[in-house]
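Enquirer: what would the 3D arrangement of this be:
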Amino acid sequence: MTQPRPTTRPVEPGHVEIVPVPHLPEVTAGDDLVALLAPALRTAGLRDGDVVCVSTKIVSKSLGLTVDPADRDVAIERVAVRTVARRLHTLRVTSIVEIPSGPVMAAAGVDGSNAPGGPLLLPEDPDACARALREGLVAALGVELGVLLTDTSSRVWRVGVGDVALGAAGIASLQDLRGEADDTGRTLHVTVRDLADELAAAADLVKGKASRVPVAIVRGVAGAVVADPHDEVPAARLARTGGDDWFRRPSLESVWQALGLALEDEPVARMSPEPDDERIDRAVAVAALPRRGAAPLAARAERTAPDRIDVHPTAPGTAGLLDAATLGERVRTALAAEEIAVPLPPLHVRIHEETA
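Expert: Next comes the predicted model:
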């Protein structure tokens, strides 16, 4: 039997309220999240139309998705659908990968903060986890609500991080405004609002790693919660994958892939700005690596002066000259990749006829 909910003041039209849900116990493997959250949500005054935003970490804890710290990198490699990039930060290489549920995340979202048992993996199907949690809470509380599983992520071309939705149930995660008019009467043609991520970011204003508040309620957002399952949009739909992915690999990795390098042969660029000499030397090294399945070129490239790279054949005859010309073009291409973000000083690539 559901208990009566406490009377609370209504939210004024056009106003949004964000309510933290504090004093939750530490979640451990095997815990029933519905049983843990329902009393706290009832005390917080949960009502119809509320969105319950839950840090995905406590779902991972309840599912026992802990890995040994020594196995962290192996676990990231195992769950990665594909590697987008790798970056060196101080002494640690961070892999940016696509995870099974669709998003591209640093270290596959594996996180060791507030995880006393060890780093935690993300659930393989966050939408299914959100759906199960919502069904349990609706049954326990008798409230028509939505559930979001949230996690911290960065965004392309934006500094800093914010919470995004990894799982959603009972939520109109995307609101298609195309065809509607703005306040001047002009028709909107491209606007599709990512409501789920906006709700997740709003909830994070009262949640946090340091405050130990993994759950918050967002109230007063019209149209956020939907009763008909046909109207809900899973969070998996928020990830740009396949043909919709405009940024499948960063500029450096894109060129390295086009040059035919295997992933395991690609160098690792640093997160911080790199000296020109380091970038030039990397370009020469990248150019010299053979294409996948091809024999090494019979040519050698060497930086012989600050502004010059000399390329010599290492085999006599036409074959050696052709390989030297090919290597020279690979050097120019690799240097151009290094210049996409930051220009390099002028460099001359010279192709020599004599054998090195």
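Enquirer: all helices of the stretch 51-200 of the chain, in order?
Expert: 56-63, 72-79, 126-141, 195-204 (DSSP state H, counting those that start in this stretch).
Enquirer: pull out the buried positions in the longest one.
Expert: Put plainly, it is helix 126-141. Of all the residues in helix 126-141, those buried under the rule 16 or more other Cβ atoms under 10 Å are 126-127, 129-134, 136-138, 140-141. Yep, even glycine has a C-beta here, placed from its N, CA and C like the rest.
Enquirer: returning to that earlier point: now for the helices of the stretch 51-200 of the chain, which one comes closest to R249?
Expert: Evaluated over these, closeness to R249 peaks at helix 72-79, with 17.3 Å, by Cβ to Cβ.
Enquirer: over the closest one, what's the mean pLDDT, rounded is fine.
Expert: Averaging pLDDT along helix 72-79 yields 93.
Enquirer: now it, how far from the centre of its chain.
Expert: Centroid separation for helix 72-79 versus its chain: 15 Å, with Cα atoms, centre = their mean, to the nearest Å.
Enquirer: so what does that helix touch, helix or strand wise?
Expert: When contacts are defined as 3 or more Cβ pairs under 8 Å, 6 or more residues apart in numbering; DSSP states H and E, helix 72-79 sits against strand 92-98.
Enquirer: for the strand it packs on, buried residues please.
Expert: Quick answer for strand 92-98 (16+ other Cβ under 10 Å): 95-98.
Enquirer: now do it against helix 72-79, angle only.
Expert: Angle of strand 92-98 versus helix 72-79, following axes from the mean of the first three to the mean of the last three Cα atoms, to 10 degrees, is 20 degrees.
Enquirer: which helices and strands sit right next to strand 92-98?
Expert: Using 3+ Cβ pairs under 8 Å, 6+ apart: strand 92-98 touches helix 72-79, strand 82-89, strand 104-106.
Enquirer: highest mean neighbour count out of those?
Expert: Between those, strand 104-106 has the highest mean count of neighbours, a mean of 23, where neighbours are mean count of other Cβ atoms under 10 Å.
Enquirer: where does the chain have low pLDDT?
Expert: The model of the chain has pLDDT under 70 over residues 1-13, 177-183, 187-191, 209-210.
Enquirer: returning to that earlier point: out of the buried residues of helix 126-141, who's nearest R308?
Expert: P126 (53.2 Å).
Enquirer: list the contacts for the residue nearest to the closest one when sequence neighbours are not counted?
Expert: With Cβ to Cβ, 6 or more residues apart in numbering as the criterion, P126 has its nearest non-adjacent residue at 3.0 Å, and that residue is G167. By Cβ atoms under 8 Å, 6 or more residues apart in numbering, the contact set of G167 is 56, 59, 101, 123, 125-131, 147-149, 234-235.
Enquirer: before we move on, the earlier item: CSV please, covering the helices of the stretch 51-200 of the chain and showing distance to A295.
Expert: Shown next, in CSV, are these (distance: least, Cβ to Cβ, whole Å):
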stretch, distance to A295
helix 56-63, 46
helix 72-79, 29
helix 126-141, 46
helix 195-204, 48
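Enquirer: closest one to A283 among those helices?
Expert: Among the helices of the stretch 51-200 of the chain, if distance is taken as Cβ to Cβ, the winner is helix 72-79, at 26.9 Å.
Enquirer: sorry, back to before: I'd like the distance between the residue nearest to P126 and A224.
Expert: Look at G167 and A224: by Cβ to Cβ, to the nearest Å, they are 15 Å apart.
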